[in-house]
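Undergrad: Prediction below, plus the sequence it came from.
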Amino acid sequence: MEIIETSIPGLLIIKPQVFEDERGYFFESYNRQKFQQAGIQVEFMQDNESKSQKGVLRGLHFQRPPYAQGKLVRVMKGRVLDVAVDLRKSSPTFGKWESIELSDANKFMYWIPAGLAHGFLTLEEGTVFFYKCTQVYNRESEGSIRWNDPDLNIDWKLEGEPILSAKDTIAPLFKDFDSPFIFEP
């Protein structure tokens, strides 16, 4: 397993070692000991899975403390452009974003620590997205930032208009967001 740091502190790309032969493939998608050695010292509380048609954009979502979630995300089928935005006050990358393409072909994973907003755009029909969360879902703690916020200026690499939920079309702008997250190096 290879762990790659990004420009955002704590946001990591995880490349598993994949063993392939004529029967198919095998890889270890989670190993607590290896993740702890990489500095990911968390306990997962909930797994989620979604299936989306091509062009669905979900995000940018987060949960406020005390239900803030770290997420280990990957694509089981299809492809997504996955985006994380740093919402942690005093972080050197506050308001900055990173993106990566996750797919069933590359089998990469993204570790998104608590305090980052998360979203993704599906690039193929029938994309199945999977994520492990460090906290359970709590409706009162959920929050979002507008996916196309002009201050964030995220390059979603769109080919036309995305398919959005009603909630995501009216999410607050970043400039109106009072972050409850604190950066702890």
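TA: Here it is on my side, so go on.

Undergrad: Go through stretch 163-170 and flag the buried ones.
TA: For stretch 163-170, the neighbour count (16 or more other Cβ atoms under 10 Å) marks L164, D168 as buried. (Glycine included, C-beta is placed from N, CA and C.)

Undergrad: Can you give me the end-to-end span of it?
TA: 13 Å (Cα to Cα, to the nearest Å).

Undergrad: go on, stretch 91-99?
TA: 18 Å.

Undergrad: tell me the contacts of the residue sitting nearest the centre point of the chain?
TA: Central residue of the chain (Cα atoms, centre = their mean): H118, 4.4 Å from the mean position. Residues near H118 by Cβ atoms under 8 Å, 6 or more residues apart in numbering: G59, L60, H61, F62, K71, V73, D82, V83, A84, V85, I112.

Undergrad: go with 7 Å
TA: By Cβ atoms under 7 Å, 6 or more residues apart in numbering, the contact list for H118 reads G59, L60, H61, F62, K71, A84, I112.

Undergrad: max-length helix in the chain?
TA: helix 32-37 (DSSP state H).

Undergrad: starting at the chain centroid, how far to it?
TA: In this view, helix 32-37 has its centroid 19 Å away from the chain centroid, taken as Cα atoms, centre = their mean, to the nearest Å.

Undergrad: what's the answer for stretch 123-134, then?
TA: The answer for stretch 123-134 is 10 Å, by Cα atoms, centre = their mean.

Undergrad: In this protein, where is pLDDT below threshold?
TA: Across the chain, nothing is flagged by pLDDT under 70.

Undergrad: outside of the helix or strand harbouring V85, which residues touch it?
TA: Applying DSSP states H and E as the criterion places V85 in strand 79-86. Applying Cβ under 7 Å, 6+ apart, the contact partners of strand 79-86 are 8, 11, 59-60, 73, 93-103, 110, 112, 116-124, 127, 129, 145, 152, 154, 156-157.
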